[in-house]
Structure formats: C-alpha cells, structure tokens
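Visitor: Task: produce atomic coordinates for the following.
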Amino acid sequence: MIHCSPASRNASVRRDPWQWIANTIGGPADAIQYACVLEATAPKAGNVHPVAKFDDLCFADFVSAAEIAAIELTVASSGLGDRVHSLIDQTRRRTNTNVNLGIALLFGPIVLAEEQQRPTSDSWTLNHWHDATSNVLLNITKEQSHRLGQAIAKASAGGMDGDYQPEDPSLDVQSLTDSFDVMAAMREAKNRDLIAVEYANGFESFFADVVPTVETSVRETGDLLSGISLAHLRLLADRGDSLIARKNGRQTEREIRKRAERCVDDFQRSGNSGIGELESIKEFDAYLRSEAHRLNPGTTADFIAAAVYVCLRMRS
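Guide: The predicted structure is shown next:
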C-alpha cells in the first residue's frame, strides 16, 4: 500500500479542488443540489451564507430550495416551463420566498440540454453544451412558453415595475395571455436584465465568460468557497447586477461595479492570498448589506450557482 503524506494530499486537492465533490455525484440532481448549496455557503459579498442572513431570508431557505431544485429540474419527460413553474411553486410553498427564480431560469435550459443531448462518451465540451442549450431555447413550445411566463409571475421578482415593464403589453407576465412568447419577452428585456441576455443570445456569455471566471477563480485560490467568492466579485466588476439596477437604478449599480473592481484589484496586488482578510472586501460586504439588503447582488449569485453546476458536471 502506498501512503501519501499530508503535503502530497493537499497538493493533489489544489490541482483540482472540484474533483473530490465531483466524484460523489451520481447525476444531474446531485450536481444541482451541490451547486446551489456551495454557492449559498461561500461568503460572497452582500449575500446570505451560513453566518449572514436577512430579515426575511436565511441559509436554511437556500438549502431547502436546493433540494427542491434538484427534484423539480430533473423530472423526466417534463418540459422546461413545467419544470421551472413547479420549482417556483414548491419553493414558495416551503420557504415562502422567490429565492430561486434566477436559478430556475438559468438551470432549466442547461439541465434540459444536457439531458437531451449529452452523449454517454466523453465527447462533451462547453461548446457542445452551449449549442445544446441554445437549441433548447429555440424549440420552446407555445405551451411551455406560457408556463414560463406563469412561473415568472408567480415568483413576484423584486423591482419589476417602472422602466422595467415591457413596452409591448403582450410581453407583460403580470397580465399574461395564452399567446405570451417568453423568448420575445427575453429579447425585449435583454438591455435591462442579465438573465434575459442569456435567453436572447443562447447562453453565449454564460459559457464563454461566467463559467471560465468561476474556473479561473477557484484555480487561483485553490479552494472552492474562496474561489466562488472571488468569481462573484469579478462578475460584479465586469457586468454589474441587474437585480441591484432594478431596485436602485443604474447609477447605484455603476457604483457597485467600481467598488467590486477595487476589491479585485486589491486581491491581485495581495499576491492571490488572504482574500478573506482584505479590508476592501469587508467594507464592500458591509456596504452591500445596508439599505435593508436592497443592494443584494442576487442575480450574480444565481449565475455563480449555474456555473458551479457546469463545473461539477464537466468532471462527473
């Protein structure tokens, strides 16, 4: 029997921090649950985690929602709209929150694409996954489109009023008609919502930018939770957060991006070590938790969760 020293074992883990968890995953449902819980566990600036909560939302809500997502997003022979609607419905029943609308909308097409088109062989790349996801969106039926609209309306997402209402009344989920076209609605909303951008563009940015950002950040820190938190800062700096913009306006969102950029710069100057000890990150976290968590970068957190799912499945 060959015995590895602790140093050797640590070096092995650092080479790919994902693999230990990936080895325990039996299928997409496991990966969904892991991805959602890992994202919620990481101490991301301004978000709920095990030792930080909001008045109406805590870590346990995310754990419950992760279990529901794992079940509802993998229902065999069920369409995209049915899966998303059932997830939103069950989450509201058990947690009385809309904690995972973004997760439902991002995970839904990704999971369905893998289910329908991933081969049993190893020839599955991010490019293949991107193409498969785009194909899922191109083939949403009228019935499933309507179900997606119902799900979005049921979730009652924050800030969906004023300038964030569609000019075309037929695309308004709050006055849903049988002819509602979710893809047309997403294209209309793409200039003001990051998830709508992905639907409109076939998840191009998600696979080209978001997933690589998470991969790079985990590799640089050598740790899943620290890497997830760093990726969150990088995405905020690069893209902002449409949930923050909906609730507070574009000027506030731009200020968030500048503060996130300073945090990332400080991390780079620190020599990629001690991310949790950087004063700028602590101050940024405190700033985001002010104003009754109106500055919560929840959309960015949803993107992180979906990217973690992909990272795990690419190793499963």
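
Visitor: tell me which element the nearest residue to Ala301 once chain neighbours are set aside is part of?
Guide: Excluding its sequence neighbours, the residue lying closest to Ala301 (Cβ to Cβ, 6 or more residues apart in numbering) is Asn47, at 5.3 Å. Placement of C-beta: from N, CA and C, glycine included. Secondary-structure assignment from DSSP states H and E places Asn47 in no helical or strand segment.

Visitor: And the pLDDT at Asn47?
Guide: For Asn47, the model assigns a pLDDT of 94.

Visitor: Touching, it and Pro297? I think so.
Guide: Yes: with contact defined as Cβ atoms under 8 Å, Asn47 reaches Pro297; the gap is 6.9 Å.

Visitor: can you list residues touching both of those two?
Guide: His232 (Cβ atoms under 8 Å, 6 or more residues apart in numbering).

Visitor: where exactly do the helices run in the stretch 51-200 of the chain?
Guide: Taking DSSP state H, counting those that start in this stretch as the test, the helices found in the stretch 51-200 of the chain are 59-72, 80-95, 101-117, 126-138, 142-155, 182-189, 194-200.

Visitor: any chance of those in CSV, plus mean neighbour count and mean pLDDT?
Guide: As requested, the helices of the stretch 51-200 of the chain are arranged in CSV below (neighbours: other Cβ atoms under 10 Å; pLDDT from 0 to 100):
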stretch, mean neighbour count, mean pLDDT
helix 59-72, 21, 96
helix 80-95, 21, 94
helix 101-117, 23, 97
helix 126-138, 17, 97
helix 142-155, 20, 93
helix 182-189, 20, 94
helix 194-200, 22, 97
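
Visitor: Pipe the ones you listed into JSON lines and attach distance to Lys282 per row.
Guide: Shown next, in JSON lines, are those (distance: least, Cβ to Cβ, whole Å):
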{"stretch": "helix 59-72", "distance to Lys282": "20"}
{"stretch": "helix 80-95", "distance to Lys282": "29"}
{"stretch": "helix 101-117", "distance to Lys282": "26"}
{"stretch": "helix 126-138", "distance to Lys282": "34"}
{"stretch": "helix 142-155", "distance to Lys282": "32"}
{"stretch": "helix 182-189", "distance to Lys282": "34"}
{"stretch": "helix 194-200", "distance to Lys282": "26"}
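
Visitor: Nearest to His293 among those helices would be which one?
Guide: helix 59-72 (13.5 Å; Cβ to Cβ).

Visitor: Who are the packing partners of the closest one?
Guide: helix 28-41, helix 80-95, helix 101-117 (3 or more Cβ pairs under 8 Å, 6 or more residues apart in numbering; DSSP states H and E).

Visitor: Could you save these as JSON lines and add columns showing distance to Glu72?
Guide: Converted to JSON lines, these look like this (distance: least, Cβ to Cβ, whole Å):
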{"stretch": "helix 28-41", "distance to Glu72": "9"}
{"stretch": "helix 80-95", "distance to Glu72": "4"}
{"stretch": "helix 101-117", "distance to Glu72": "8"}
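
Visitor: Please identify which of these is closest to Phe207.
Guide: helix 101-117 (9.2 Å).

Visitor: between the closest one and helix 80-95, how many degrees?
Guide: 140 degrees (axes from the mean of the first three to the mean of the last three Cα atoms, to 10 degrees).

Visitor: How far off centre is helix 101-117?
Guide: 11 Å (Cα atoms, centre = their mean, to the nearest Å).

Visitor: picking that back up, so for Arg313, which of the helices and strands packed on helix 59-72 sits nearest?
Guide: Nearest to Arg313, of these and by Cβ to Cβ, is helix 28-41 at 5.1 Å.

Visitor: Give me the contact list for the closest one.
Guide: Contacts of helix 28-41 (Cβ under 8 Å, 6+ apart): 21, 24-25, 47-50, 59, 62-63, 65-67, 69-71, 73-74, 100, 103, 107, 111, 114-115, 224-225, 228, 301, 304-306, 308-309, 312-313, 316.

Visitor: How about stretch 177-192?
Guide: With Cβ under 8 Å, 6+ apart, stretch 177-192 has contacts from 81, 137, 140, 142, 145-146, 148-149, 163-164, 166-168, 170-171, 173, 195-197, 199-201, 242, 245-246.

Visitor: same thing but at 7 Å, please
Guide: Residues from elsewhere that reach stretch 177-192 (Cβ atoms under 7 Å, 6 or more residues apart in numbering): 137, 140, 145-146, 148-149, 164, 166, 168, 170-171, 196-197, 199-200, 242.
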